[in-house]
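Peer 1: Show me the folded form of this:
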Amino acid sequence: MVKRFEMSMMGEMNLFLGLQVNQFSNRIFINQSKYILDILKRFGMKNCDTVPTLMVEQAKLKLDLGGQPVDHIDDRSMIGSLMYVTSSRLDIMFATCMCVRYQANSNEHHVSAVKRIIRYLKGTINLGLWYPKDSGFDLTAYSDADHARCDLDRKSTSGSVQFLGYKLVCLSFKKQNCVSISTTESKYVAVSSCCAQVLWIRTQLTDYGFFYDKVPIYCDSKSAIAISCNPIQHTRTKHIDARYHFIKDHVEKGTIELYFVGTEYQLADLFKKSLPEARFKFLVEKLGMMSRET
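Peer 2: Numbers count the residues shown, from 1 in each chain. Presented below is the predicted three-dimensional model:
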């Protein structure tokens, strides 16, 4: 490339689009502490109190048209800044997306939820993603979903994470396009979406010379796994959109293997609901997020 383009060596990368990159001999650390400090300063929260979690346990944001209205510009500016922080702070993904869901009709209650996320970030400003050098290269995934928790349209939300060894490489948090009539159905739709993401990663890695078969996807619903492993349509599943049934084909071919995992070890549980502090911190660490001082 030097022959075709004018290039210069600037040493190791330490900053990329607001992401701070710290390279060590055996691992790489990525976080956005400088950007978080800028958020605290910009919104006048440098002296705010910190909180240990993003949301109160079992708390749930709801549409409240009778609440005290707020300045939508400031609210959306804060949410937009938080969305950029999710580039390295995956722990705030669920809470931030919940705030996004109601920003069109936000009130003081919703703004309080947004500011709580910023207060949490202040207390965990040095938290980031660690990528160790030697941790294997096996492709694995976890898939989970809630059931009809969105009060606006009663749709469920899917969450999934994909790893190479112990390194988090991809995550997805998205409201489903259909209304599921049971928890089993919502988790079946979620595992199908996770399968699509895994197949995309598998294709990319094939181009790099890495080949995978029987990629494990961990799901905490035995019923959803049973549906995925049964090529026969039944009356209880025939109403599900055909596009979600393609996972059956890949399970039958051996491209994907589904395994049951207990809820306590379901890493995608972080993207489904507000959690107790101990459970929340356990999942954050399992996703490869630790403090810079660790």
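Peer 1: which residues in this structure form helices?
Peer 2: For the chain, the helices defined by DSSP state H occupy 33-42, 72-85, 93-101, 108-123, 183-207, 222-228, 246-253, 277-286.
Peer 1: Confirm for me that F163 is in contact with A141.
Peer 2: Yes - using Cβ atoms under 8 Å, F163 is in contact with A141, at 7.3 Å. Backbone N, C-alpha and C define where each C-beta goes, glycine included.
Peer 1: So for these two, which sits in the more crowded spot?
Peer 2: More crowded of F163 and A141, by other Cβ atoms under 10 Å: A141, with 26 against 22.
Peer 1: Bridged to the more buried one, which residues?
Peer 2: Beta-bridge pairing for A141 (DSSP bridges): Q162, I217.
Peer 1: where does it sit relative to H147, distance-wise?
Peer 2: For A141, the distance to H147 equals 20 Å [Cβ to Cβ, to the nearest Å].
Peer 1: Could you do F137 as well?
Peer 2: 35 Å.
Peer 1: And N31, by the same measure?
Peer 2: 34 Å.
Peer 1: So which of the two has more stuff around it?
Peer 2: Taking other Cβ under 10 Å, N31 and H147 do not tie; N31 has more neighbours (26 against 17).
Peer 1: okay, the residue nearest to that one when sequence neighbours are not counted: pLDDT?
Peer 2: Spatial nearest neighbour of N31, chain neighbours left out: G128 (2.7 Å); criterion: Cβ to Cβ, 6 or more residues apart in numbering. pLDDT for G128: 94.
Peer 1: next one: the one 10 residues further on
Peer 2: We have a pLDDT of 93 for D138.
Peer 1: Would you quantify the distance from it to G165?
Peer 2: In terms of Cβ to Cβ, D138 sits 6 Å off from G165.
Peer 1: So these two - more neighbours on which side?
Peer 2: For D138 versus G165, neighbours defined as other Cβ under 10 Å are more numerous around G165 (16 against 12).
Peer 1: Would you agree the more buried one is in contact with Y131?
Peer 2: No - taking contacts as Cβ under 8 Å, G165 lies outside contact range of Y131: 9.6 Å.
Peer 1: domain ranges for this protein?
Peer 2: Domain assignment for the chain by automatic domain parsing gives 32-125, 135-276.
Peer 1: possible to save these as CSV with distance to G18?
Peer 2: Shown next, in CSV, are those (distance: least, Cβ to Cβ, whole Å):
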stretch, distance to G18
domain 32-125, 5
domain 135-276, 19
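Peer 1: Out of the ones you listed, which gets nearest to F24?
Peer 2: Shortest distance between F24 and those, using Cβ to Cβ, is found for domain 135-276: 14.1 Å.
Peer 1: and H250, what does it touch?
Peer 2: Shown in contact with H250 (Cβ atoms under 8 Å, 6 or more residues apart in numbering): 195, 199, 256.
Peer 1: Leaving out chain neighbours, which residue sits closest to L37?
Peer 2: Using Cβ to Cβ, 6+ apart, the nearest residue to L37 is I125, at 7.1 Å.
Peer 1: can you check I201 too?
Peer 2: Spatially, and ignoring its direct neighbours in sequence, I201 is nearest to Q162 (5.9 Å; Cβ to Cβ, 6+ apart).
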